[in-house]
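Colleague: Just need the structure, nothing else, for what follows:
(one chain, ligands or ions: 1)
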Amino acid sequence: MTTTTTMRSVPLGLPPGVTQGNVQQQRRLCSSFGRRRRRTSFHHPKKRISFSIGATTETTETSSFSSSKTEEEAWNEDDIDNIAFVDLAKEESTAISNKSGAGATMAAPDWMTQLNRLWGGASEIPVADAKLDDITGLLGGGLFQPLFKWMKEAGPVYLLPTGPITSYVVISDPACVKHVLFNYGSKYIKGTIAEAGEFLFGKGVALQELEPWKMRRKAVAPALHRAYVEAMVDRTFGQCANKMVETMEKTNGGKSINIESKFSQAALDIIGISVFNYDFNALETAAPVIQATYTALKEVETRSMDLLPTWRLPEEFLRAVSPRQKAAQDAVVIIRDVTTRLVEECKKMVEEEEKVGGAEAWARDYLNESNPSVLRYLIAAREEVSSTQLRDDLLSLLVAGHETTASVLTWGTYELLKPENAEQLRILRQELDEVLGTKPYPDFNDLMKMPYLERCFHEAMRLYPQPPVYTRRAVVEDELPLNGLTIPRNQDILVSIFNLHRDPKNWGESSLEFEPMRFGPLNRGQPSELNTEYRYVPFSAGPRRCPGDKFAVLEGVAIWATMLRRLDLSLVEGHKVEMTSGATIHTRNGLLCDVTVREMRTVNDDDKMDWDGLRPTKTKPGDEKYWLPERAAAGGGKCPVPH
Ligand code: HEM
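Modeller: Predicted structure coming up:
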């Protein structure tokens, strides 16, 4: 297994002709949809390393990568110091352990519902009427699906009994979702998922709570800064996507391919190179760490759904009695071993460099270095943390950033290949052909010119949010901004983004259809939680919002552009594609596709589409009220959808 810190399999450096300078120029060229001026700089918290790309940078509003947020409303990393964390020591210590100690998310049949009604007293929160029929399909399946059914019956905030004395309040209302997510730290903590994932994530940023989380977030989030992500598109994303497509081209017309595993492998390779400067080479080899990552992730998924949380028992005991637990523990050992070695090697390399040039010199030239990985950034910042802490933080990035993107691509591809979405796929291919011509894979400039492609990715995240449900726990009693409903202290909560994104109240009668133009004409930009008034929240919101959002969108569209440009895919007839749950939405049996090589095509100016005139075909008259606000109003405009 290769553990060197200089990548060989993926050539580094910006491709010929691509410089930060012409990236900026390109963005100016394609900013026909509106401009604003902003300073783009980023700082490392400890080291006072400060990077800056241009004193003022004009950014296109076409892509959410260049963000359509208004600064006043957006969650800002600097706000982290203003969170008034709840003092858990003052609250009873039970606040951080579920009242049953279970964290079980299995819905209860109707007799349990009745019991809860009796025991729960006269809460004004409606109770979901969970029938045995609703839950028989849940074992090993997806809880997020019946949550949608119960929302339709009980409304956007309801109580779901999960056992004789345990329950979850399920929240799917935009204002309540915003309220709960923004009040992380002062009123809510992550709760169940933090407990279920601890065996893998350790003390990493993704699942820590309160002060320990804050320290790690302040160290890790700046590493995913804008210029780093931009550089990664050209250094890594396009090339990994190319490699993925090459492996698929080899099967031209032959055996069907499971596209879900292809996306998983490509996403793992990308995150490995970008975060650790390590090539897992998942697309071509079956290194043990790959399988270990899958096994451990699956266990986090299973634990957060377990009816009986036996995983809380001592590790040695579990190892002895449960093959599943033994496999999970072994997987974690393999992953930690690899990441520990990578951290140590990178530390040595930085020490050597400091002897000759010093970290300050390195920082100035950070992105031109042969190894601009997140790991290197953190080490060069000389933050006083242990190797174990570094390892856990990097593992957080690896795990949080791997399956998520792959799952969006899987489900988005599934939608694009459905016969009823043939027109959407045709439009997307037209855009790819117009922009890419015969180029095998896109660079950053190309991606900035393909707003429809990005719309498709957002529409995939709307229909298949990853993860579909977030856990939270109230650490104080709290009133929701809906009919005065009160959440009691210690109450576990499921924030269902799946419900939020599919509710016809938020998206109209066509809410379950794949229609990238539902957000309105392309010149209105890309959707985010801000310009949809929290009807669309793909990356969470508030303090725990995903710091890898830009990375994810660019990675996803780079992979799609490469694949859909060069391959014709069709769903294998008779193969059932069903959703099953976990941390992300998986297919039950893979996404099997037949693949043939597609001819490259350039498009004459005369044959180009009128992109500004493009309108949705699937929404109903009147659904314009769900469009994003016009750009002129985007800064302070009111979302037209009444709530
Ligand atoms: C389409 C892809 C992705 C989606 C949909 C996604 C979504 C999310 C969501 C919803 C959360 C917060 C969950 C909550 O509030 O409970 C989150 C957290 C996080 N994500 Fe992503 N993510 C994606 C890709 C990435 C990538 C590529 C990276 C890193 C390179 C990343 C790194 C993280 C980290 C470190 C956290 C934890 C942040 C914290 O708790 O402070 N994500 N992600």
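Colleague: Look up the closest residue to whichever residue of the stretch 451-600 of the chain sits closest to the ligand, ignoring the ones flanking it.
Modeller: The stretch 451-600 of the chain approaches the ligand most closely through Gly548 (2.2 Å), counting by CB to the nearest ligand atom. All C-beta spots, glycine's among them, are computed from the backbone N, C-alpha and C. Nearest non-adjacent residue to Gly548, counting by CB to CB, 6 or more residues apart in numbering: Gly401, 4.9 Å away.
Colleague: Contact partners for the residue of the stretch 451-600 of the chain closest to the ligand?
Modeller: Applying CB atoms under 8 Å, 6 or more residues apart in numbering, we find Gly548 in contact with Leu224, Leu397, Ala400, Gly401.
Colleague: Give me the neighbour count for the residue nearest to Gly548.
Modeller: As a burial measure, Gly401 scores 24 neighbours (other CB atoms under 10 Å).
Colleague: Helix, strand, or coil at Asp279?
Modeller: Using DSSP: H, G, I helix; E, B strand; the rest coil, the structure places Asp279 in coil.
Colleague: Surely the residue nearest to Gly548 is in contact with Lys550?
Modeller: No - using CB atoms under 8 Å, Gly401 makes no contact with Lys550, being 11.5 Å away.
Colleague: Would the helix or strand where Lys152 lies count as contacting the ligand?
Modeller: Lys152 belongs to helix 144-154 when assigned by DSSP states H and E. No - counting by CB under 6 Å from any ligand atom, the ligand has no neighbours in helix 144-154; the shortest distance is 13.2 Å.
Colleague: just to revisit the earlier point, with distance to Thr340 and pLDDT added, can I get the contacts of Gly548 in a markdown table?
Modeller: Below are the contacts of Gly548 laid out as a markdown table (distance: CB to CB, whole Å; pLDDT from 0 to 100):
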| residue | distance to Thr340 | pLDDT |
| --- | --- | --- |
| Leu224 | 22 | 91 |
| Leu397 | 15 | 90 |
| Ala400 | 19 | 87 |
| Gly401 | 19 | 87 |
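Colleague: Nearest to Thr471 among these?
Modeller: When the contacts of Gly548 are compared for distance to Thr471 (CB to CB), Ala400 wins out at 14.7 Å.
Colleague: In contact with the closest one, which residues?
Modeller: Neighbouring residues of Ala400 by CB under 8 Å, 6+ apart: Ala206, Cys546, Gly548.
Colleague: Tell me the confidence at Leu390?
Modeller: pLDDT recorded at Leu390 is 86.
Colleague: Give me the three-state assignment for it.
Modeller: helix.
Colleague: Setting aside sequence neighbours, what's the nearest residue to it?
Modeller: Val343 (5.1 Å).
Colleague: Which positions within the helix or strand hosting the one you found qualify as buried?
Modeller: Using DSSP H and E, Val343 maps to helix 323-356. Using 16 or more other CB atoms under 10 Å as the test for burial, helix 323-356 gives 325, 327-329, 331-332, 334-336, 338-339, 342-343, 345-347, 349-350, 353.
Colleague: and the end-to-end length of stretch 563-573?
Modeller: Length of stretch 563-573, first residue to last, CA to CA, to the nearest Å: 21 Å.
Colleague: Hmm, Asp269 is touching Glu284, no?
Modeller: No - counting by CB under 8 Å, Asp269 does not reach Glu284; the two are 9.2 Å apart.
Colleague: Grab the nearest non-local neighbour of Asp446.
Modeller: Leaving aside its chain neighbours, Asp446 sits nearest to Val435 (5.4 Å; criterion: CB to CB, 6+ apart).
Colleague: If I look at Asn76, what pLDDT would I see?
Modeller: 83.
Colleague: what about it, how many neighbours?
Modeller: Counted with other CB under 10 Å, Asn76 comes out at 11.
Colleague: ok, now Ser386?
Modeller: Ser386: 10 surrounding residues under other CB under 10 Å.
Colleague: quick one: it from the ligand, how far?
Modeller: Between Ser386 and the ligand the computed distance is 19 Å (CB to the nearest ligand atom, to the nearest Å).
Colleague: please begin residue numbering at 31 from this point
Modeller: In the new count, where the first residue is 31, that last one comes out as Ser416.
Colleague: Who are the packing partners of the strand or helix carrying Leu405?
Modeller: In the assignment (DSSP H and E), Leu405 maps to helix 404-410. Where contact means 3 or more CB pairs under 8 Å, 6 or more residues apart in numbering; DSSP states H and E, helix 404-410 is packed against helix 240-250, helix 353-386, helix 389-394, helix 417-430.
Colleague: tell me how far stretch 403-415 is from the chain's mean position?
Modeller: Distance of stretch 403-415 from its chain centroid, counting by CA atoms, centre = their mean, to the nearest Å, is 23 Å.
Colleague: ok so, going back, identify the contacts common to Asp299 and Glu314.
Modeller: Residues touching both Asp299 and Glu314 by CB under 8 Å, 6+ apart: Lys273.
Colleague: Which single residue in the stretch 181-330 of the chain comes nearest to the ligand?
Modeller: Going by CB to the nearest ligand atom, the ligand is nearest to Ala236 of the stretch 181-330 of the chain, at 4.1 Å.
Colleague: thought that residue was touching Leu424?
Modeller: No - counting by CB under 8 Å, Ala236 stays clear of Leu424, with 10.8 Å between them.
Colleague: just to revisit the earlier point, give the buried residues for the helix holding Lys182.
Modeller: Counting neighbours by 16+ other CB under 10 Å, one finds that the buried residues in helix 174-184 are Phe174, Gln175, Pro176, Leu177, Phe178, Trp180, Met181, Ala184.
Colleague: Pull the contacting residues for the fifth one.
Modeller: I take that to be Phe178. Counting by CB under 8 Å, 6+ apart, Phe178 touches Ser526, Phe528, Asn529, Arg532.
Colleague: now do 10 Å
Modeller: By CB atoms under 10 Å, 6 or more residues apart in numbering, the contact list for Phe178 reads Val200, Ser202, Pro498, Ser526, Phe528, Asn529, Arg532, Asp533, Leu542.
Colleague: and what of Leu428?
Modeller: Per CB under 10 Å, 6+ apart, neighbours of Leu428: 234, 236, 298, 301-302, 304-306, 308, 310, 319, 323, 327, 365, 369, 404.
Colleague: picking that back up, my read: the residue nearest to Leu420 touches Asp367, true?
Modeller: No - with contact defined as CB atoms under 10 Å, Val373 does not count as touching Asp367 (11.1 Å).
Colleague: Find the residues that touch each one of these two.
Modeller: Listed as contacting both Val373 and Asp367 by CB under 10 Å, 6+ apart are Arg421.
Colleague: Which of the three states applies to Ile523?
Modeller: Applying three-state DSSP: Ile523 is strand.
Colleague: That one is in contact with Thr501, isn't it?
Modeller: Yes - using CB under 10 Å, Ile523 is in contact with Thr501, at 6.9 Å.
Colleague: Please enumerate the shared neighbours of these two.
Modeller: Common contact partners of Ile523 and Thr501 (CB under 10 Å, 6+ apart): Tyr198, Tyr218, Gly221, Thr222.
Colleague: Apart from its neighbours in sequence, what residue is nearest the second one?
Modeller: Nearest residue to Tyr218, sequence neighbours excluded (CB to CB, 6+ apart): Arg502, at 4.5 Å.
Colleague: name the element that neighbour belongs to?
Modeller: Using DSSP H and E, Arg502 sits in strand 499-504.
Colleague: strands paired with that strand, and their directions?
Modeller: strand 218-219 (antiparallel), strand 522-526 (antiparallel) (DSSP bridges).
Colleague: Just checking the last one against the ligand, any contact.
Modeller: No - under the criterion of CB under 6 Å from any ligand atom, the ligand is not reached by strand 522-526; the shortest gap measures 7.6 Å.
Colleague: could I get that strand in CSV with only the CA atoms?
Modeller: Extracted C-alpha coordinates of strand 522-526, given in CSV (Å, rounded to 0.1, in the frame of the first residue of the first chain):
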residue,chain,number,x,y,z
ASP,A,522,-34.9,13.8,20.9
ILE,A,523,-35.6,15.3,17.5
LEU,A,524,-35.4,14.2,13.9
VAL,A,525,-35.0,17.1,11.5
SER,A,526,-36.4,15.6,8.3
